[in-house]
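Novice: Quick one, what's the 3D model for this:
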Amino acid sequence: MRPSGAFWVIATLMLGAGPLIGCGDAGPGATTTATTAKAAVHRSFESVVRDRYGVLRAAPTAADRLPAPVARLFGLPKSARTESRLAWGKAHPLWIVPVADKLCLVGIAADGAGEGGCSTDLQELVWGRARFARDCALVRGKRWFSVSGLTPDNASEVEVGLRDGTRVPMNVTRNAYRYEVPRDQLERLPTRVVWRAGDGKIHSQAVPLNLPSMRIPCPVRPS
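Specialist: Numbers count the residues shown, from 1 in each chain. This next block holds a predicted model:
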């Protein structure tokens, strides 16, 4: 997953703190210039992401369409429904959704609630570090913990490391994977995600279990 020099140049342009247009007395063409620059940045982001994620290079089909209730649940625009790709078509579906200058992974978890998130970090997406963790209390008092992620084309041997020291191989489908476990199975809780990059290097990323922001109430199941 090591990006080439071109990737680093694009990432610098995309992630730099400086404005694209300088401040000052705006002339008649300022609005047009700003709009053109914004469109160019969007094209750069989109081209890099599509180059790394094969699922986005295939044209979406009717089966890929994001259901309207799920789009509303995550506040995604209507246009996102026709650009989504179904990564998991099982009982608990996951969709990869490109929206402007971000890439989202959203779905329905084992408990029937919505899960997922979006990333605008180009380096994160190029290197395969886009992970979305969720710790949710159920109405029946049972909690589930899940971690899902986006994996570029050249990543392999994706595994989730557990508290008991074992590793569980992940089935990556259309650049996405998910691991779910009941919260009371402490030994099966994930502690890190491990994967092999395209250059053969092994990467390891911790999965935090105790961040307050992750203890969120379950949203209503989309219907």
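Novice: what ranges do the strands span in the protein?
Specialist: 85-88, 94-99, 102-108, 114-119, 131-137, 143-150, 156-162, 167-169, 176-182, 190-196, 202-206, 215-217 (DSSP state E).
Novice: what's the fourth one packed up against?
Specialist: Which is strand 114-119. strand 102-108, strand 131-137, strand 143-150 (3 or more C-beta pairs under 8 Å, 6 or more residues apart in numbering; DSSP states H and E). In short, each C-beta sits where N, CA and C put it, glycine included.
Novice: Recalculate using a threshold of 6 Å.
Specialist: Counting contacts by 3 or more C-beta pairs under 6 Å, 6 or more residues apart in numbering; DSSP states H and E, strand 114-119 packs against strand 102-108, strand 131-137.
Novice: Tell me which of the ones you listed sits most buried.
Specialist: Burial of these is given as mean neighbour count (mean count of other C-beta atoms under 10 Å); strand 102-108 ranks first at a mean of 23.
Novice: tell me the angle that strand makes with strand 94-99.
Specialist: 150 degrees (axes from the mean of the first three to the mean of the last three C-alpha atoms, to 10 degrees).
Novice: partner strands of strand 102-108, parallel or antiparallel?
Specialist: Pairing partners of strand 102-108, with direction, according to DSSP bridges: strand 94-99 (antiparallel), strand 114-119 (antiparallel).
Novice: In JSON lines: these, plus mean neighbour count and distance to Asp64.
Specialist: Conversion of the strands paired with strand 102-108 to JSON lines gives the following (neighbours: other C-beta atoms under 10 Å; distance: least, C-beta to C-beta, whole Å):
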{"stretch": "strand 94-99", "mean neighbour count": "24", "distance to Asp64": "8"}
{"stretch": "strand 114-119", "mean neighbour count": "20", "distance to Asp64": "16"}
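Novice: Could you tell me the least trusted of those?
Specialist: Among the strands paired with strand 102-108, strand 114-119 carries the lowest mean pLDDT, a mean of 83.
Novice: what's that strand in contact with?
Specialist: 73, 102-107, 109, 125, 130, 132, 134, 146, 219 (C-beta atoms under 6 Å, 6 or more residues apart in numbering).
Novice: thinking again about what came up before, in TSV, list the helices and strands packed on strand 114-119 along with distance to Glu187 and mean pLDDT.
Specialist: Supplementary listing: the helices and strands packed on strand 114-119 in TSV, determined by distance: least, C-beta to C-beta, whole Å; pLDDT from 0 to 100:
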stretch	distance to Glu187	mean pLDDT
strand 102-108	26	89
strand 131-137	17	70
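Novice: Relative to Asn154, which of these is closest?
Specialist: Shortest distance between Asn154 and the helices and strands packed on strand 114-119, using C-beta to C-beta, is found for strand 102-108: 16.7 Å.
Novice: relative to strand 176-182, how tilted is the closest one?
Specialist: Using the same axes, to 10 degrees: strand 102-108 against strand 176-182 is 40 degrees.
Novice: In TSV: the helices and strands packed on strand 114-119, plus distance to Ser47.
Specialist: Shown next, in TSV, are the helices and strands packed on strand 114-119 (distance: least, C-beta to C-beta, whole Å):
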stretch	distance to Ser47
strand 102-108	13
strand 131-137	23
